[in-house]
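Engineer: What shape does this take:
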Amino acid sequence: MFAHPRAIKFLLCVSPILGVVSLPAHAQDATSGTEKRTRIILGPQLSPSWPGSKDLSFGPYIDVSRERVGTEFTFEAADESFGGPLIQSGNFAFGPSLGFIGKRTAADIGADVPKVGFSFEAGGFAQVSLTPALRVRVEGRKALSGHKGWVGEVSADYIARDGDDWLFSIGPRVTLGDTKYTNAYFGVTPAAAATSGLAAYDPDGGIQSVGVTAGYHRMLGRNWGVAVYGRYDRLVGDAADSPLTRQFGSRSQPSAGVALSYTFGGSR
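Structural biologist: Got it, this is the predicted structure:
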């Protein structure tokens, strides 16, 4: 999604990480009954400052994974929002999904349009591994602040891997938003048109963008590794035709990140 929610993931993961780091191995075994490995991925990423923006902003690219010794780390796409499975049955998983978009002001755009406050989004995801090499995932979230709308994403990933030594993934993305969301970022009210000089614009909800994401992780030794990802989205429909996009933004919405990974606990 735009403004990928790694900062939220970072905040929610700090406490568990500290707890894992502070416990010695025998204490972890005593509390869980099974020795586990932990992998932390941390680095910078660039993503659009807000939906439709031509500017990119730095943010944290971070992920934390835990698995039993002897089990491969579960695949997670670099651009998926924070969330872990609450229900897992065979190849199907369901759980919570959280995201955020930073505030957007008139000064950020350069036109006298209403501010969109910080948006905290909460919802859920469902995913299924159709084969070991193909995963399909659906997310839906409601903003509790900011744009106050519903957003969603449908994604599929082809996965090639050699255990945890290396993993490559690539797949399409379709991003959706309801009328509230689309109006917040791409609409121009009559009042805003009068003060900004833009044409009034009342977009409908629906598909906002289509794109593709590719990611790669490779171990460089027993503990250290490197992770990279790239994503490109293209605004379509009413989002692409908005005067805000055409005059002050961009239909092209690229994102990229690079990070180091560190694996500890148990043995590979």
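
Engineer: Provide the secondary structure category for Val154.
Structural biologist: State at Val154, reduced to three classes by DSSP: H, G, I helix; E, B strand; the rest coil: strand.

Engineer: quick one: it and Tyr185, what's the gap?
Structural biologist: Distance of Val154 to Tyr185, computed by C-beta to C-beta, to the nearest Å: 20 Å. Quick note: C-beta positions are derived from backbone N, CA and C, even for glycine.

Engineer: Which one's more surrounded, those two?
Structural biologist: Each of Val154 and Tyr185 has its neighbours counted (other C-beta atoms under 10 Å); Tyr185 has more, 27 against 15.

Engineer: so that one sits in a strand?
Structural biologist: No: residue state for Tyr185 (three-state DSSP) corresponds to helix; a strand is not indicated.

Engineer: Which residue ranges of this protein form helices?
Structural biologist: Ranges of helices within the chain are 6-22, 25-32, 106-109, 179-186, 190-196, 237-241, 243-248, based on DSSP state H.

Engineer: Low-confidence regions, the stretch 151-268 of the chain specifically.
Structural biologist: 267-268 (pLDDT under 70).

Engineer: right, and Arg68 touches Glu35 too?
Structural biologist: Yes: contact criterion C-beta atoms under 8 Å: Arg68 and Glu35 qualify, at 7.2 Å.

Engineer: What about Glu139, how many residues nearby?
Structural biologist: Count around Glu139 with other C-beta under 10 Å applied: 23.

Engineer: Look up which residues are beta-bridged to it.
Structural biologist: Phe125, Glu153 (DSSP bridges).

Engineer: Same question for Ser209.
Structural biologist: Applying DSSP bridges, one finds that Ser209 bridges with Thr175, Leu235.

Engineer: Surely it touches Ser252?
Structural biologist: No: if you go by C-beta under 8 Å, Ser209 and Ser252 don't touch, sitting 9.9 Å apart.
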